[in-house]
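1. one predicted model, sequence on top.
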Amino acid sequence: GESVGLHLPTLSVQEGDNSIINCAYSNSASDYFIWYKQESGKGPQFIIDIRSNMDKRQGQRVTVLLNKTVKHLSLQIAATQPGDSAVYFCAENREKESGGGADGLTFGKGTHLIIQP
Amino acid sequence: DSGVTQTPKHLITATGQRVTLRCSPRSGDLSVYWYQQSLDQGLQFLIQYYNGEERAKGNILERFSAQQFPDLHSELNLSSLELGDSALYFCASSPRVKGHNNEQFFGPGTRLTVL
């Protein structure tokens, strides 16, 4: 069956270091992947997305890498700041309109990023 | 602020009761999605509506139902509540049914506690 999962439940990094959060997916039909950040008491907030025709996409201090061969994606956060402390979720979807129907996002379990001063 | 609003923020009720959660999507968005977030199940997709019509169902129980009104706001109805229904319920909205540039924006959620 399809699933999106994260390798680690908690990641602790020093402030100023780079953070790497990993995610594995199993549905080969997935063509759209998204990273969300969820702070305590808030709803998920979009960070960055990537489509299956890309290997890498960069945003402001964040980079998402997609390896379709091993069905793996990662989120890299440069120069981690205290405000980056949150739970990070990867999610997958199928964007192709020709696929018929419509889908909600399938979320992984989440990684709690903890920033050490 | 995502532009998606949800009410109420908190809801405490008893087993067997029925509640209604409300969501207003971002201005211009036609799709509304409902998700449930619990400690054991994580974030799970429940149902999607597009321009008033149901478009997709996820892991939604038969005791739960939803609808989208002509003004595009949506309501999630939860009935015969059980302790296990205690969770955060999120609404998200996006411009279209699916396809490119159809990012989902999430509301702040409603925390439901069933006693």
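-> Done, it's in. Numbers count the residues shown, from 1 in each chain, chains lettered A, B, ... in the order given.
2. tally of neighbours for the nearest residue to residue A:14 once chain neighbours are set aside?
-> Spatial nearest neighbour of residue A:14, excluding adjacent residues (CB to CB, 6 or more residues apart in numbering or on different chains): residue A:116 at 5.0 Å. Any C-beta I mention is one placed from the backbone N, CA and C, and that applies to glycine too. Neighbour count of residue A:116, defined by other CB atoms under 10 Å in any protein chain shown: 11.
3. for residue B:110, same thing?
-> Using other CB under 10 Å: residue B:110 sits among 21 other residues.
4. quick one: stretch B:89-103 to chain centroid distance?
-> Centre-to-centre, stretch B:89-103 and its host chain are 13 Å apart (CA atoms, centre = their mean, to the nearest Å).
5. stretch A:71-80 too?
-> 8 Å.
6. show me which residues of it are buried.
-> A:71, A:73, A:74, A:75, A:77, A:80 (16 or more other CB atoms under 10 Å in any protein chain shown).
7. dump those residues to JSON lines, plus secondary structure.
-> Formatted as JSON lines, the buried residues of stretch A:71-80 follow (DSSP: H, G, I helix; E, B strand; the rest coil):
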{"residue": "A:71", "secondary structure": "coil"}
{"residue": "A:73", "secondary structure": "strand"}
{"residue": "A:74", "secondary structure": "strand"}
{"residue": "A:75", "secondary structure": "strand"}
{"residue": "A:77", "secondary structure": "strand"}
{"residue": "A:80", "secondary structure": "coil"}
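8. export the residues you listed to CSV and append columns for pLDDT.
-> Below are those laid out as CSV (pLDDT from 0 to 100):
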residue, pLDDT
A:71, 92
A:73, 93
A:74, 96
A:75, 97
A:77, 98
A:80, 97
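9. what score does whichever residue of chain A sits closest to chain B have for pLDDT?
-> Here the residue of chain A nearest chain B is residue A:104; by CB to the nearest CB that distance is 2.9 Å. You'll see residue A:104 listed with a pLDDT of 82.
10. now it: closest residue in space, sequence neighbours ignored.
-> Nearest to residue A:104 is residue B:45, by CB to CB, 6+ apart, at 2.9 Å.
11. from residue A:116, how far off is the spatially most central residue of chain B?
-> What sits nearest the mean C-alpha location of chain B, by CA atoms, centre = their mean, is residue B:34, with 2.9 Å. For residue B:34, the distance to residue A:116 (CB to CB, to the nearest Å) stands at 36 Å.
12. so where's the chain shaky on pLDDT?
-> Went with chain A since none was named. A:1-8, A:95-103 (pLDDT under 70).
13. hmm, no, I was thinking of chain B.
-> For chain B (pLDDT under 70), the answer is B:99-101.
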